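Q: Sequence below, structure please.
(2 chains, ligands or ions: 1)
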Amino acid sequence: MTKAGLRSKDLLGIEPLDPEEIGLILDTAESMAEIGRREIKKVPALRGRMVVNLFFEASTRTRFSFETAEKWLSADTLNFAAKGTSVEKGETLLDTAKNLEAMSPDFLVIRHSSPGVPHFLASQLKTRVINAGDGAHEHPTQALLDALTIRQRKKSFENLKVAIVGDIAHSRVVRSNVWCLTKLKAKVTLCAPPTLMPVDIESMGVSATSDFEEALSGADVVMMLRVQIERGGKMAFPSSREYFARYGLTRERLALARPDAIVMHPGPMNRGVEISSEIADDADRSVILSQVANGVAVRMAVLYLLAGGTPRAWQEGA
Amino acid sequence: MTRLLLRGGRVVDPAARRDGIADLLVENGRLSRIGERLDAASADVVDASGKLVFPGFIDLHVHLREPGFEYKESILSGAQAAAAGGFSAVCAMANTDPVNDHRTVTRWIADRAREAGFSRVYPIGAITKGMRGEELSEFGEMKEAGAVAVSDDGRWVANGSVMRRALEYATLFDLPVATHAEDESLSGRGAMNEGRVSTRLGLSAQPAEAESIAVARDLTLCELAGGRLHVCHVSTARSVALIREAKARGVRVTCEVTPHHLFLTDEEVARSGFSTATKVNPPLRGERDVAALHEALLDGTIDALATDHAPHHADEKAVDYESAPFGLVGLETAASLFHDRLVRTGRVPVARMVELFSGGPARAFSLPGGGLVEGKDADFTVFDPAAEVEVDPRAFRSRARNTPFAGARLTGAVAATYVAGREVYRRP
Ligand SMILES: [Zn+2]
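A: Numbers count the residues shown, from 1 in each chain, chains lettered A, B, ... in the order given. Modelled structure (predicted):
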């Protein structure tokens, strides 16, 4: 490791990170994961620091994961959900953020349904900003927890074949994962019906196909994405039934992948739409619960490193 | 009698095949003589040596926001911004509140502009009542009240029968029908251009075809119905190709292009970090589209440079990209940008710049001006090709600041603007 920390004050996405920074976060998360196995799950690394979780869009899972990470690091947390607040009354985004900044938080963790909001606020504020998902753009901590989960099972990313399948067009997970995995030298194939595949996706350094079986064959990792019926999915395919018939992950289809292939899903799952319950609950193949556990560790690592922490120092209580 | 002598400028007026050092003599608001070493007796003399002297610029497409949205811009502030941009005349779009779909609104806008002084303002009437795309507005009465064209700007007339009737009916009054070509069933009001960049950024996007399909329909209807079609802010390669072919077939079509579509691509959305100043409709396009616009600029397919000056209040733009309104301001940067990027670099001759800023727009909407003619109103623009400027939105005359060109360093600036012999702007 040549670097002591991260280059930017913010974590806005995976695209601006270099492979060393990704490695540093994963290594730190690996050591943070140990805290979750302790009886008393608390270290003083962020004592006296305040984190504001600013969620303009509901996401219970991501918010709980961040909050758990913040609490285990002893940070003070404030949760701000935008529903029924001044934001709805027409206060501008910048006003809202500036008002929160006036309370001097050390971090703003931002989730918004529109791409670019964390980037815009980070450019206007001195507070460190962590992107907890901006529309269909990036969800960097999700990609990092996915990478950590893959690394735990597969050791190396080099030439690893990863198939990402489902609603590519509306997924914030997919872009972050593509940048993360390609930076780590994995080979990524995206698979979706043409109606859910964005134009020129190959320009991101991946291959793309509408043939699910082709995408599955020889895959080391199969990442299934939620089909976002609420985001215009209705126009993309005629019915959930037809979708499952073509793109649902079943045991027979999974047999096309490598025998030791793992199955991932960022959740929440539509059982019987993109994945069969049989696979989702198969503890040998599905790593979905490890993903959740790794989410806390990765978010702890990100908070800790952005606060200026150095690897390992948290164990000495720094 | 007031006499003004503008001495020693390089007068460029392709309409009169003129390009050379000459004096302009203005008497009582009219150009009385253009020639060498004119008699200065009892005239106020202005030295224009080293400067370019052009027929006054005409912008076919601006939003002055009054009546209804004066907090964004007023007729006065808009006309001041136009004068500062070298425009002696602008055409004001109909999407005010109330919509300019009736002679009372048309006359009111024209009267307010006259009171304001500064640039001339020609109202554009709505094609349909309330811009709802259903019933035609009273073209004849609006024309009598001063309307120079009709347009439902911002909204394509999606109903083919209504658009056909509009083109047919407009022939009675020889009014151009200006179309904002966007098939909304296809664009879905996407926030940016669909392509590599929108895929990377995950922003909602509209394909270039949403424009070219609308252009193809409108050209086809124009051939069926007759009349004059004007395509607003053309932005795609396919659109200009369709217009080029239609012109060759003799269809009466004209079109305009904006500086931002010429000088920015959709990469700017990413490069600027999702700055809402880059959110405009039609959206900033890809490199191939931009290259096609440059070609069309040179081969005459494009008739006019228009800014689509669209002022918005800062608070309206200080929101997330997808909910921000479309539009940017362009009146005060257009001439410097065009000169710096295309004329100074030798890609476009200065005479072509004058055609695009003055003669072309005048012909497209049959407006006075567009050339320097003895006996006619003395509308002209003095341009300093050596001036170094930095785009500073805080110094704009416009009430709005929403420009993606803030901080750009440009060579060439408007030095002064004259309307009917009266100086309406002088560069400080
Ligand atoms: Zn417009």
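Q: how far away is A:Arg175 from A:Glu274?
A: Relative to A:Glu274, A:Arg175 is positioned 18 Å away (CB to CB, to the nearest Å). The C-beta positions use only the backbone N, C-alpha and C, and glycine is treated the same way.
Q: More neighbours: which of the two?
A: A:Arg175 (27 against 22; other CB atoms under 10 Å in any protein chain shown).
Q: Can you check which helix is longest in chain B?
A: The longest helix of chain B (DSSP state H) is helix B:209-225.
Q: What are the contacting residues of that one?
A: With CB atoms under 8 Å, 6 or more residues apart in numbering or on different chains as the test, helix B:209-225 has contacts from B:156, B:160, B:163-165, B:167-168, B:171, B:179, B:181-184, B:186-187, B:228-229, B:231, B:234-236, B:238-239, B:242-243, B:246, B:249, B:251-253, B:282.
Q: try stretch A:58-68
A: Contacts of stretch A:58-68 (CB under 8 Å, 6+ apart): A:51, A:53, A:55, A:77, A:79, A:81, A:83, A:109, A:111, A:130, A:132-133, A:141-142, A:267-268, A:292, A:295-296, A:299.
Q: Just the CA trace of it, in PDB.
A: Provided in PDB are the C-alpha atoms of stretch A:58-68 (Å, rounded to 0.1, in the frame of the first residue of the first chain):
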ATOM      1  CA  ALA A  58     -36.600   6.400   1.400                       C
ATOM      2  CA  SER A  59     -34.200   3.500   1.700                       C
ATOM      3  CA  THR A  60     -34.500   1.700   5.000                       C
ATOM      4  CA  ARG A  61     -31.800  -0.900   4.200                       C
ATOM      5  CA  THR A  62     -29.100   1.600   3.200                       C
ATOM      6  CA  ARG A  63     -29.900   4.000   6.000                       C
ATOM      7  CA  PHE A  64     -29.900   1.300   8.700                       C
ATOM      8  CA  SER A  65     -26.600   0.000   7.400                       C
ATOM      9  CA  PHE A  66     -25.000   3.500   7.500                       C
ATOM     10  CA  GLU A  67     -26.500   4.200  10.900                       C
ATOM     11  CA  THR A  68     -25.200   0.900  12.300                       C
END
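Q: so how far is that stretch off the chain centroid?
A: Put simply, stretch A:58-68 sits 12 Å off its chain's centre (CA atoms, centre = their mean, to the nearest Å).
Q: With stretch B:269-278 instead?
A: Centroid displacement of stretch B:269-278 relative to its chain, using CA atoms, centre = their mean, is 23 Å.
Q: buried set for that stretch?
A: Within stretch B:269-278, the residues that count as buried by 16 or more other CB atoms under 10 Å in any protein chain shown are B:269-270, B:272, B:274-278.
Q: Could you do stretch B:119-129 as well?
A: For stretch B:119-129, by 16+ other CB under 10 Å, it's B:119-128.
Q: Could you do stretch B:140-150 as well?
A: By neighbour count on 16+ other CB under 10 Å, the buried set for stretch B:140-150 is B:141-143, B:145-150.
Q: is that stretch up against the ion anywhere?
A: No - using CB under 5 Å from the ion, stretch B:140-150 never reaches the ion; the gap is at least 12.4 Å.
Q: now what about that stretch, what contacts it?
A: In contact with stretch B:140-150 (CB under 8 Å, 6+ apart) are residues B:60, B:91, B:94, B:100-104, B:106-107, B:109-110, B:122-127, B:137, B:139, B:166, B:170, B:172-173, B:175-178, B:230, B:365-367.
Q: isn't B:Pro259 right up against B:Ala304?
A: No - the criterion here is CB atoms under 8 Å, and B:Pro259 misses it with B:Ala304 at 11.9 Å.
Q: Please, where are all the strands along chain A?
A: A:50-55, A:76-81, A:107-112, A:128-134, A:161-165, A:187-191, A:207-209, A:221-224, A:262-264 (DSSP state E).
Q: Those: which one's closest to chain B?
A: When the strands of chain A are compared by CB to the nearest CB, strand A:107-112 sits nearest chain B, at 6.2 Å.
Q: neighbours of residue 80, just the number please.
A: This is for chain A. 16.
Q: try again with chain B
A: 23.
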